[in-house]
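[1] sequence and predicted structure are below.
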Amino acid sequence: MTAEPPPERVVARLRPHARRLVRPAVFVVLVTAAGGFGFGVFRAQLAWLNVVVAVVVLLLLVVGGVVPLVRWMSQRYVVTTRRLVVVHGLGTRTRRELLHARGYDVTVRRRGLQGVFRSGDVLVFPGDDPVAVLADVPHADLVVAVLHDLVEAHEARRRHREPDWDEIVGGGAERPPWGDVRG
């Protein structure tokens, strides 16, 4: 009689660190201020120039503000009790799942200011498959510890469920409580 595995639960939902949005936010504020100044300067003299300023401001807001926000939102990582799911992409969505049952090695790489913000790139090495990178994850050390714990827990459950060598060879016959007595 085999025990049914526990249901899959979501442990964490992650995105890259939000500090990636600071530069686009500052850019949006500066472009909006410059656009307002441009409307004030050209208000009375050249009406057609207001249209040009408005188009340039909207174009800059889309390229410098909306696109980085959508790119940030298009990357997400989900850690469950059975697998790690990496999803990214704008036009073409790519979803990659790494099962804890297969096991993998995990490493943290920090560059620049990632150490100050306690974030980092979590590199997952699933054997022969290509490396999966969880880019700029907040609390990278905690993510690595959770991934290690999940892989170890799955390995412990697997070892507990596997039949023992005596059960395989002996056909699972009941052994006497005093052990194997051979003369």
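    Nice, I can see it.

[2] C-alpha only now, for contacts and for neighbours.
    Noted.

[3] show me what the spatially most central residue of the chain bridges to in the sheet.
    By Cα atoms, centre = their mean, the chain has its centre lying nearest to residue 77, at 2.6 Å. Beta-bridge partners recorded for residue 77 (DSSP bridges): residue 14, residue 86.

[4] helices and strands around whatever helix or strand residue 147 lives in, which ones?
    Assigned by DSSP states H and E, residue 147 belongs to helix 140-161. Applying 3 or more Cα pairs under 8 Å, 6 or more residues apart in numbering; DSSP states H and E, one finds that helix 140-161 contacts strand 105-109, strand 119-125.

[5] quick one: closest of those strands to residue 26.
    Minimum separation from residue 26 across the helices and strands packed on helix 140-161 (Cα to Cα) falls at strand 119-125, 21.5 Å.

[6] what lines up beside that closest one in the sheet?
    strand 105-109 (antiparallel), strand 132-138 (antiparallel).

[7] please identify the most buried of the helices and strands packed on helix 140-161.
    strand 119-125 (a mean of 21; mean count of other Cα atoms under 10 Å).

[8] any idea how far it is from the middle of the chain?
    9 Å (Cα atoms, centre = their mean, to the nearest Å).

[9] now stretch 51-69
    So, by Cα atoms, centre = their mean, the centroid of stretch 51-69 is 29 Å from its chain's centroid.

[10] got a list of contacts for that stretch?
    21, 24-25, 27-28, 31-32, 35, 38-39 (Cα atoms under 8 Å, 6 or more residues apart in numbering).

[11] and of the helices and strands packed on helix 140-161, who's closest to residue 135?
    strand 119-125 (4.6 Å).

[12] spit out the contact partners of the residue nearest to residue 138 when sequence neighbours are not counted.
    Distances taken as Cα to Cα, 6 or more residues apart in numbering place residue 119 nearest to residue 138, at 4.2 Å, with adjacent residues excluded. Shown in contact with residue 119 (Cα under 8 Å, 6+ apart): 17, 110, 136-141.
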